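Undergrad: quick one: sequence and predicted model below, then my questions.
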Amino acid sequence: MRILITGTPGTGKSSVASEISRREGWALLSLKEIAEKHNCITGKQGVERIVDVRKLRAATIRELKGKKNAVVEGHLGCEFRLPVDFVFVLRTHPDELKARMRKRKYPKMKIEENLMAEMLDYCPQVSATHYKVPILEVDTTKRTAKEAAARIISYLGGKVKKLDEVDWSPELREKTIRNLRISSL
Ligand SMILES: Nc1ncnc2c1ncn2[C@@H]1O[C@H](COP(=O)(O)OP(=O)(O)OP(=O)(O)O)[C@@H](O)[C@H]1O
Ligand SMILES: [Mg+2]
């Protein structure tokens, strides 16, 4: 079994993936680490690192070779197709996500960008353009990483039939209205 854990930064990918890897004894592949190890970082734009996603995909596929059981994690995993059996997209309510990013001292612009990506369902939608395997969402807002990992394992074992459905459109609407008010001042 190979799975991808993707989602907006701060949704808990690294925490959940390492818990799954520890519990199941599966190989753990971090796209961030692979990008660094295989020189896939081609430059910098402000604090942001520019990643050659084609190179990252090729390097990840090479790393996956011969690994029957693996959990790959990273937000860039939604940007291309990897040889996995399931894609899990972690989701977090914008208020909670904002709190997590603030705690990690993310720049204000980055917080705004990531919140918008989360509210617009960026990762599940982009995943759907690349993957033909099931794409499932797991809400980590009120769950610890351990609980989210247990939920994914139960799903894979057939003990849980359905995962989560999130809809942040009310939050998106509220934020858009607030921004419009600000820009019309
Ligand atoms: N379910 C959770 N509940 C509360 N806090 C969490 C949860 N999962 C992770 N966190 C915390 O949120 C922060 C982000 O978690 P983590 O690094 O696992 O996210 P990530 O999705 O891998 O982020 P990135 O894309 O930046 O690598 C960490 O400080 C972590 O301790
Ligand atoms: Mg991470």
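TA: Structure received. Numbers count the residues shown, from 1 in each chain. Ligands and ions are numbered 1, 2, ... in the order given.
Undergrad: tell me, how many residues neighbour whichever residue of the chain sits closest to ligand 1?
TA: Nearest residue of the chain to ligand 1 (CB to the nearest ligand atom) works out as residue 12 at 3.0 Å. Glycine gets a C-beta too; all of them are placed from N, C-alpha and C. Number of residues near residue 12 (other CB atoms under 10 Å) recorded here: 25.
Undergrad: what sits against it?
TA: Contacts for residue 12 (CB atoms under 8 Å, 6 or more residues apart in numbering) come out as 90, 92, 140, 145, 148.
Undergrad: report how many residues lie close to the first one.
TA: To tie it back to what came earlier, the one meant is residue 90. Neighbours of residue 90 (other CB under 10 Å): 29.
Undergrad: again, but for the last one
TA: By the measure other CB under 10 Å, the count of residues near residue 148 is 25.
Undergrad: show me what contacts it?
TA: Neighbouring residues of residue 148 by CB under 8 Å, 6+ apart: 12, 16, 19, 90, 138, 140.
Undergrad: 7 Å - rerun?
TA: 12, 16, 90, 138, 140 (CB atoms under 7 Å, 6 or more residues apart in numbering).
Undergrad: wait, the last one sits on residue 88?
TA: What it means is residue 140. No - at 10.5 Å, residue 140 does not count as touching residue 88 under the criterion of CB atoms under 7 Å.
Undergrad: who has more neighbours out of these two?
TA: Taking other CB under 10 Å, residue 140 and residue 88 do not tie; residue 88 has more neighbours (30 against 26).
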